[in-house]
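> Give me a model of this one.
(4 chains)
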There are 2 protein chains.
Amino acid sequence: MSEVESFFKSAFSVDNVIFGFDGGDLKVLLIQRGAAPYRGKWALPGDLVYPNEDLDTAAERVLEQLTGLRGVYLEQVQAFGAVDRHPLGRVITIAYYSLIKIDDYTVTPASFAQSARWHGFAHIGELAFDHNEILETCLKQLKHKVRMAPVGFELLPPKFTLTELQQLYESILETELDKRNFRKKILSMNLLIDLNEVQEGVAHRPAKLYQFDREKYEQFVGEGFTFDV
Amino acid sequence: MSEVESFFKSAFSVDNVIFGFDGGDLKVLLIQRGAAPYRGKWALPGDLVYPNEDLDTAAERVLEQLTGLRGVYLEQVQAFGAVDRHPLGRVITIAYYSLIKIDDYTVTPASFAQSARWHGFAHIGELAFDHNEILETCLKQLKHKVRMAPVGFELLPPKFTLTELQQLYESILETELDKRNFRKKILSMNLLIDLNEVQEGVAHRPAKLYQFDREKYEQFVGEGFTFDV
DNA sequence: TTTAATTGGTGTTAGAATAACAATAACCAT
DNA sequence: ATGGTTATTGTTATTCTAACACCAATTAAA
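Coordinates of the predicted model:
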């Protein structure tokens, strides 16, 4: 084998950390591997990148095959390329994370076959490959990102209450926030549309429903505004 | 060719954005390509990753071959993997940036052969491949990083003045900073060692020299401190 | 040796942002 | 009607930020 050929004895994959929020905790969608290596182990959904496929496209494909969803928030994190990270050869992987509204997730043939399941972060054991490390890195990135840009809304249903929003932030940042200060800060950004609707069917005072105003956010960014929680 | 084989008709490279600071402006070390494709064009230093080489190791190797330097600050940014980014085949690249003390750079055989040169950001034309995009992304990342962690010191000589430090920040962040406020903030962090030395050979009042206290920084981080300019 | 030129070094204050804190309102279930 | 539960709202002390100007130390030139 020539030296040049040896460079081409390698492949690359994408792995996608799919986050969801069930109202209480941040969750990640994992699959149980049906084939070697690491058969039976939980792992991040991922796949080899097709020769004529952009990296981003491959990540979108993995996401869509598993969840049926398109056009959701997706961000590349970084590459993981230790020589021995894949037992069958030299495979580096590009890690992505995506944020989906957990109620939009429906079981697709692919996710059924791979027995996909949402996992809370408290109960994640040893994953296949270097996926624990990848997951950690992506979670760290999400924690960072959620403070710098209004990506948290990607995890909430279109209509949400301020308490739900706060719980989301508390769950991601693993911290407690002061209710009054949180509301003051969020509302002062003028990025929420008050829908003049309230919750129904709750056994207590119903909360007002809000919607994220994406248009206004784009406009504000154009004017130099920076989101900051 | 089987489908599996086609996945292995690809390669990956690293490209390294090497930053330096000459006291006035932020600079980047580029090479002039001696071979096709893009022969004669300026490009980021990079290379294919060896089959038995970690990505980080490859990035360190590229840096060392060009500059002779080891153990300098190096950080992965992200992968670039558009299908058509390399005219000769499917090659994705992992972008890194590194921060070196510009005076430590000496011309190595590799850098001589590739006519490496420092470039200011005002005068960078069209680079080879997608290197303009990579450079932009890395610069953006550096701007972000420099505010969150004391990486700026990696670009300064071991002994520096507060004015030099301020000019570094102004150059990277492309903004002007108030002298008194900047000094107050930096000094209040207690991360600078006052060397009780002053500049020599300057035609004006000589400035005091300081050194970054890395040990104390590590200690503070352990106690929950976060650097923030 | 005086003077000019140049950069280094320092403190105050008004305004803004943050953090800490508790009482009343609205709804359902009993 | 009462109790249980969550929603909603404002004030204040403290901290951080931003704006701003003069004297000091040195070399170069007159």
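> Could you report the separation of the closest residue to DNA strand C within chain A from residue A:194?
Nearest to DNA strand C, among the residues of chain A, is residue A:205, at 2.8 Å (CB to the nearest atom of the strand). Any C-beta I mention is one placed from the backbone N, CA and C, and that applies to glycine too. Here residue A:205 is placed at a distance of 16 Å from residue A:194 (CB to CB, to the nearest Å).
> Also residue A:95?
Using CB to CB, residue A:95 is found at 38 Å from residue A:194.
> just residue A:135 next, same as before
Note on residue A:135: its distance to residue A:194, by CB to CB, is 37 Å.
> Which one's more surrounded, the two?
Neighbours were tallied for residue A:135 and for residue A:194 using other CB atoms under 10 Å in any protein chain shown; the higher tally belongs to residue A:135 (21 against 10).
> Would you agree that one is in contact with residue A:127?
Yes: the pair formed by residue A:135 and residue A:127 meets the contact definition of CB atoms under 8 Å, at 6.9 Å.
> list residues touching both of those two?
Between them, residue A:135 and residue A:127 have residue A:44 as joint contacts when contacts are counted by CB atoms under 8 Å, 6 or more residues apart in numbering or on different chains.
> now the longest helix seen in chain A against helix B:131-148, angle please.
Longest helix of chain A, by residue count under DSSP state H: helix A:131-148. Relative orientation of helix A:131-148 with respect to helix B:131-148: 80 degrees, computed using axes from the mean of the first three to the mean of the last three CA atoms, to 10 degrees.
> near chain B at all, the lengthiest strand in chain A?
Of all the segments of type strand in chain A, defined by DSSP state E, the longest one is strand A:10-21. Yes: using CB under 8 Å from any CB of the partner chain, strand A:10-21 reaches chain B at A:10-12.
> Which strands or helices does that strand pack on?
Identification of packing neighbours for strand A:10-21 by 3 or more CB pairs under 8 Å, 6 or more residues apart in numbering or on different chains; DSSP states H and E yields strand A:26-32, strand A:46-48, helix A:55-67, strand A:90-99, helix A:131-148, strand B:10-21.
> 6 Å instead, please
With contacts taken as 3 or more CB pairs under 6 Å, 6 or more residues apart in numbering or on different chains; DSSP states H and E, strand A:10-21 sits against strand A:26-32, strand A:46-48, helix A:55-67, strand A:90-99, helix A:131-148.
> quick one: that strand to chain centroid distance?
10 Å (CA atoms, centre = their mean, to the nearest Å).
> With stretch A:47-54 instead?
From the chain centre to the centre of stretch A:47-54 is a distance of 21 Å (CA atoms, centre = their mean).
> List the contacts of that stretch.
Contacts to stretch A:47-54, defined as CB atoms under 6 Å, 6 or more residues apart in numbering or on different chains, come from residues A:11-14, A:58, A:62, B:6-7, B:82-83, B:90.
> pLDDT (mean, whole number) over that stretch?
Here stretch A:47-54 scores 96 as its mean pLDDT.
> SS state for the residue lying closest to residue A:192 once chain neighbours are set aside?
Residue nearest to residue A:192 in three dimensions, not counting chain neighbours: residue A:210, with 4.3 Å by CB to CB, 6 or more residues apart in numbering or on different chains. Reducing the assignment to helix, strand or coil with DSSP: H, G, I helix; E, B strand; the rest coil, the entry for residue A:210 is strand.
> doesn't residue A:190 make contact with residue A:210?
No: the criterion here is CB atoms under 6 Å, and residue A:210 misses it with residue A:190 at 11.7 Å.
> Flag every buried residue along the longest helix of chain A.
Of the residues in helix A:131-148, those buried under the neighbour-count criterion (16 or more other CB atoms under 10 Å in any protein chain shown) are A:131, A:134-135, A:137-139, A:141-142, A:145-146.
> circling back: and the residue nearest to residue A:192, how far from residue A:177?
Looking at residue A:210 against residue A:177, where the rule is CB to CB, the gap reads 17 Å.
> out of these two, which sits in the busier spot?
Counted by other CB under 10 Å, residue A:210 and residue A:177 do not tie: residue A:210 has more neighbours, with 23 against 15.
> what's the neighbour count on the nearest residue to residue A:103 once chain neighbours are set aside?
In space, and not counting its chain neighbours, residue A:103 is closest to residue A:157: 6.2 Å by CB to CB, 6+ apart. Residue A:157 has 15 neighbours, counted by other CB under 10 Å.
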